[in-house]
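Peer 1: Sequence first, predicted coordinates after that:
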Amino acid sequence: DTGVSQNPRHKITKRGQNVTFRCDPISEHNRLYWYRQTLGQGPEFLTYFQNEAQLEKSRLLSDRFSAERPKGSFSTLEIQRTEQGDSAMYLCASSLYGNTEAFFGQGTRLTVV
Amino acid sequence: AQSVTQPDIHITVSEGASLELRCNYSYGATPYLFWYVQSPGQGLQLLLKYFSGDTLVQGIKGFEAEFKRSQSSFNLRKPSVHWSDAAEYFCAVGTGSSNTGKLIFGQGTTLQVKP
């Protein structure tokens, strides 16, 4: 088990372009979370899945953001029409159902120019 | 509203000195509390967690934290800091019932270690 894996690690894109990030959770974990972290701040919760169902979305997740977890395994986070304010580290985490801790990936650093 | 406050944005300690990082939370129910550490450009690594029971919890790398309900605090301590401890430290509270992966984080404390 190699932990939570995120790809790509870095992404530079032009404003207005669409980007997609991938997260592969720890294999037996049925919960998956997305967070966003801007410079000098703590991570902020965006959304989470239990298996393939997206159970909660933060108000931070605007209409330009969409997340999927089609087979309850890996997840993708897509940002459409990127804006400079979307520049951040996007972190994925996974956990087992119940009162267990979340394990984080190394994140995808997005820079919108 | 639920929140986590880390009053110290930046702390510098000498190698071998003791360390205490402060964390205060605001949460209506019994909190699930965590400390994570983040090295530059990296993800978050869990240092320790409090769910219930003994209020003094031990973690990895020689860290410990004490939950004080009366003070709404969960301060992180280490008796002797090593240069490799230089990193950013985040306190977090789990906000979901039986869903401790949904977290509210503090702003973080950057730890610098002087040789």
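Peer 2: All right, it came through fine.

Peer 1: Quick one: the strands in chain A, in order.
Peer 2: Under the criterion DSSP state E, strands of chain A are mapped to A:5-7, A:10-13, A:19-24, A:31-37, A:44-50, A:53-57, A:65-68, A:75-79, A:88-95, A:103-104, A:108-112.

Peer 1: Tabulate those (a markdown table), appending mean neighbour count.
Peer 2: C-beta here means a position set from N, CA and C on the backbone, and glycine is covered the same way. Formatted as a markdown table, those follow (neighbours: other Cβ atoms under 10 Å in any protein chain shown):
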| stretch | mean neighbour count |
| --- | --- |
| strand A:5-7 | 17 |
| strand A:10-13 | 14 |
| strand A:19-24 | 19 |
| strand A:31-37 | 25 |
| strand A:44-50 | 21 |
| strand A:53-57 | 14 |
| strand A:65-68 | 17 |
| strand A:75-79 | 19 |
| strand A:88-95 | 25 |
| strand A:103-104 | 22 |
| strand A:108-112 | 18 |
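
Peer 1: is the residue in chain B that chain A sits nearest to in a bridge, and if so with what?
Peer 2: Relative to chain A, the nearest point of chain B is B:Phe105 (3.1 Å; Cβ to the nearest Cβ). Per DSSP bridges, residues listed as beta-bridge partners of B:Phe105: B:Ala92.

Peer 1: Against B:Leu46, how distant is it?
Peer 2: According to Cβ to Cβ, to the nearest Å, B:Phe105 and B:Leu46 sit 13 Å apart.

Peer 1: Point out where the chain drops to low pLDDT.
Peer 2: Went with chain A since none was named. Within chain A, the ranges that satisfy pLDDT under 70 run A:1, A:99.

Peer 1: Chain B is the one I meant
Peer 2: Ranges of chain B meeting pLDDT under 70: B:96-99.

Peer 1: Swap in 90 and give it another go.
Peer 2: B:1-2, B:27-32, B:40-43, B:51-54, B:94-102 (pLDDT under 90).

Peer 1: need the strands for it, in chain order.
Peer 2: B:3-5, B:10-14, B:19-21, B:24-26, B:32-38, B:44-50, B:56-58, B:64-68, B:73-78, B:87-96, B:99-105, B:109-114.

Peer 1: For A:Ala102, find the nearest of those.
Peer 2: Set against A:Ala102 and scored by Cβ to Cβ, the strands of chain B come closest in strand B:99-105, at 3.6 Å.

Peer 1: For that closest one, what is the distance to the chain centroid?
Peer 2: What separates the centre of strand B:99-105 from the centre of its chain is 14 Å, taken as Cα atoms, centre = their mean, to the nearest Å.

Peer 1: Look at B:Phe105 and B:Leu46 and report which has more neighbours.
Peer 2: Each of B:Phe105 and B:Leu46 has its neighbours counted (other Cβ atoms under 10 Å in any protein chain shown); B:Phe105 has more, 22 against 16.

Peer 1: who wins for proximity to B:Thr100 among the strands of chain A?
Peer 2: The nearest among the strands of chain A, by Cβ to Cβ, is strand A:88-95 at 7.0 Å.

Peer 1: Put together a markdown table for the strands of chain B, with distance to A:Glu101 on each row.
Peer 2: Below are these laid out as a markdown table (distance: least, Cβ to Cβ, whole Å):
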| stretch | distance to A:Glu101 |
| --- | --- |
| strand B:3-5 | 16 |
| strand B:10-14 | 25 |
| strand B:19-21 | 19 |
| strand B:24-26 | 16 |
| strand B:32-38 | 7 |
| strand B:44-50 | 5 |
| strand B:56-58 | 12 |
| strand B:64-68 | 14 |
| strand B:73-78 | 14 |
| strand B:87-96 | 9 |
| strand B:99-105 | 6 |
| strand B:109-114 | 20 |
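
Peer 1: Since that was my last question, I'll sign off now.
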